[in-house]
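*Asks:* Got a sequence here, can you build the structure:
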Amino acid sequence: MRLFIAEKPNLAKAIANGLGNGRTESGCIRYGDDVVTWCFGHMLELAWPQEYKPEYAQWRREHLPIIPSEWKYKVKKDSAKQLAVIGSLLREADSVVNAGDPDREGQLLVDEVLEHFKYRGPVARIWLPSLDDKSVRIALNGIKDNAPYAPLRDAARARSLADWLVGINATRALTCKYNAQLSCGRVQTPTLAMIAKREAQIRAFVPQPYFGLQARKDGLVLTWQDAGTGSHRSFDRGRMEGLAQELKGETAVVAEVKRTPKKTQPPLLYDLTELQRDANKRFNYSAKDTLNIMQRLYENHKVLTYPRTDSRYLSADIVPTLKERLKACSVGP
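*Replies:* Numbering: from 1, shown residues only. Model prediction:
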């Protein structure tokens with residue numbers, strides 16, 4: 001039996017449809033010798049400090065830093081039932097296909113389940129950047145070995161352990177030192193620091209009037225520019241008034257007109273960050289609104305590729321399908 005372990009139920013359903021649908025059972029879908037099951041995101045989480053040593057339940061400075069020699073994981077409460085299903089299926093499986101999302105978290109999510117059950121059989125990887133039927137069929141025909149994707153798993157795990165080490169130790173250190181409930185995180189704290197710094201700059205800003213110079217004639221507008229700095233603004237009002245008096249009544253002569261052809265490259269494809277930025281500018285969507293819309297377009301309507309990537313380029317496997325994709329778009333409004 002070949003067992004596909006997907007990151008989430010809708011991804012499992014797309015794979016099952018690509019295989020030919022099949023019979024739905026509790027926690028899986030069977031089709032011939034293939035079985036598709038699924039996770040609900042990360043089903044395991046790092047243990048809390050007190051699960052390493054009971055005394056860590058008390059927050060004391062002398063315990064710090066807490067750096068486990070071996071990391072412990074525990075099963076999330078709401079994942080226990082489905083994880084048991086996966087464990088049972090792994091005992092039947094001759095081989096496994098990691099069907100996590102095409103990113104480092106998706107890689108880790110399935111690999112850590114295999115590690116949890118100490119699975120030692122062959123493992124392959126299916127890479128699914130799109131969930132339309134044709135893309136799924138192509139991916140099923142291009143399943144590869146899982147081993148080359150180990151660096152993605154390791155990167156995701158390193159991120160997870162760094163979050164734990166910084167969050168647990170720094171939060172406890174600050175709370176103990178200042179006798180107040182203070183929170184610190186690897187991403188949270190520097191992000192808040194950037195916001196606080198910018199807010200301080202805004203509050204400390206003192207507006208200053210600036211001056212410029214323009215000449216207008218028959219729709220033509222000539223703007224003064226500082227020869228040294230290239231700026232069109234000056235904070236020296238006297239200098240601008242002096243120039244205005246000096247030039248008043250003088251005749252302007254166009255000495256030279258230069259035209260230089262320039263090429264503007266088309267913009268790269270959207271990644272999530274760029275689309276969230278534009279959606280906020282044009283439609284006032286929040287970042288969360290845009291992500292939710294993208295997820296629905298990816299999972300339910302199958303008209304977007306995987307939205308959580310930071311790549312702005314097409315992958316090589318999409319190139320042969322471009323003509324067909326462009327034709328599919330040319331249906332009018």
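*Asks:* burial count for the closest residue to Glu105 other than its chain neighbours?
*Replies:* Nearest residue to Glu105, sequence neighbours excluded (Cβ to Cβ, 6 or more residues apart in numbering): Ala156, at 5.1 Å. Glycine gets a C-beta too; all of them are placed from N, C-alpha and C. Other residues within reach of Ala156, judged by other Cβ atoms under 10 Å, total 21.
*Asks:* what's the answer for Thr273, then?
*Replies:* So Thr273, with other Cβ under 10 Å, has 12 neighbours.
*Asks:* in the helix or strand where Thr171 lies, what's buried?
*Replies:* Element membership of Thr171, judged by DSSP states H and E, is helix 150-178. Neighbour-count burial for helix 150-178, counted by 16 or more other Cβ atoms under 10 Å, picks out 152-153, 156-157, 160, 164-173, 175-176.
*Asks:* Now do the SS call for the most far-flung residue of the chain relative to its centre.
*Replies:* Distance to the chain centre peaks in the chain at Gly249, reaching 59.9 Å (criterion: Cα atoms, centre = their mean). Assigned by DSSP: H, G, I helix; E, B strand; the rest coil, the conformation of Gly249 is coil.
*Asks:* what sits against it?
*Replies:* Neighbour list for Gly249: empty [criterion: Cβ atoms under 8 Å, 6 or more residues apart in numbering].
*Asks:* Phi first, then psi, for it.
*Replies:* For Gly249, the backbone dihedrals are phi 80, psi -10 (criterion: degrees, to the nearest 10).
*Asks:* From Leu44, how far out is it?
*Replies:* 82 Å (Cβ to Cβ, to the nearest Å).
*Asks:* Now for Asn141, how many residues are close by?
*Replies:* Neighbours of Asn141 under the rule other Cβ under 10 Å: 8.
*Asks:* And Leu247, by the same measure?
*Replies:* By the criterion of other Cβ under 10 Å, Leu247 has 12 neighbours.
*Asks:* wait, what's in contact with it?
*Replies:* Leu247 makes contact with Leu213, Ala215, according to Cβ under 8 Å, 6+ apart.
*Asks:* Distance-wise, check it relative to Glu112.
*Replies:* The gap separating Leu247 from Glu112 is 73 Å, by Cβ to Cβ.
*Asks:* With Pro190 instead?
*Replies:* Pro190 is 27 Å from Glu112, by Cβ to Cβ.
*Asks:* In terms of neighbours, single out the busier of the two.
*Replies:* Using other Cβ under 10 Å as the criterion, Pro190 and Glu112 rank with Glu112 on top: 18 against 10.
*Asks:* how near is the more buried one to Tyr313?
*Replies:* Per Cβ to Cβ, Glu112 is found 29 Å from Tyr313.
*Asks:* what ranges do the strands span in the stretch 151-300 of the chain?
*Replies:* Using DSSP state E, counting those that start in this stretch, the strands of the stretch 151-300 of the chain run over residues 214-217, 220-223.
*Asks:* Quick one: closest of those to Gly32.
*Replies:* Closest to Gly32 of those is strand 220-223 (Cβ to Cβ; 74.0 Å).
*Asks:* And the closest one, what does it pack against?
*Replies:* Judged by 3 or more Cβ pairs under 8 Å, 6 or more residues apart in numbering; DSSP states H and E, strand 220-223 is in contact with strand 214-217.
*Asks:* Put the alpha carbons of the strand it packs on into PDB.
*Replies:* In PDB, the C-alpha atoms belonging to strand 214-217 read as follows (Å, rounded to 0.1, in the frame of the first residue of the first chain):
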ATOM      1  CA  GLN A 214       8.500  77.900 -11.100                       C
ATOM      2  CA  ALA A 215       8.100  79.700 -14.400                       C
ATOM      3  CA  ARG A 216       4.900  79.200 -16.400                       C
ATOM      4  CA  LYS A 217       4.200  80.100 -20.000                       C
END
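*Asks:* Listing partners with orientation, what would you give for it?
*Replies:* Applying DSSP bridges, strand 214-217 is found paired with strand 220-223 (antiparallel).
*Asks:* Would you quantify the distance from Gly228 to Pro190?
*Replies:* As for Gly228, its distance to Pro190 is 38 Å (criterion: Cβ to Cβ).
*Asks:* ok, now Leu275?
*Replies:* 24 Å.
*Asks:* what does Asp132 give?
*Replies:* The spacing between Asp132 and Pro190, counted by Cβ to Cβ, is 39 Å.
*Asks:* Ok, Gln82 next?
*Replies:* Distance from Gln82 to Pro190, by Cβ to Cβ: 35 Å.
*Asks:* With Thr24 instead?
*Replies:* With Cβ to Cβ as the criterion, Thr24 and Pro190 are 46 Å apart.
*Asks:* Mind telling me what element the nearest residue to Arg23 once chain neighbours are set aside is part of?
*Replies:* Closest residue to Arg23 apart from its sequence neighbours, by Cβ to Cβ, 6+ apart: Arg30 at 4.9 Å. Assigned by DSSP H and E, Arg30 belongs to strand 28-31.
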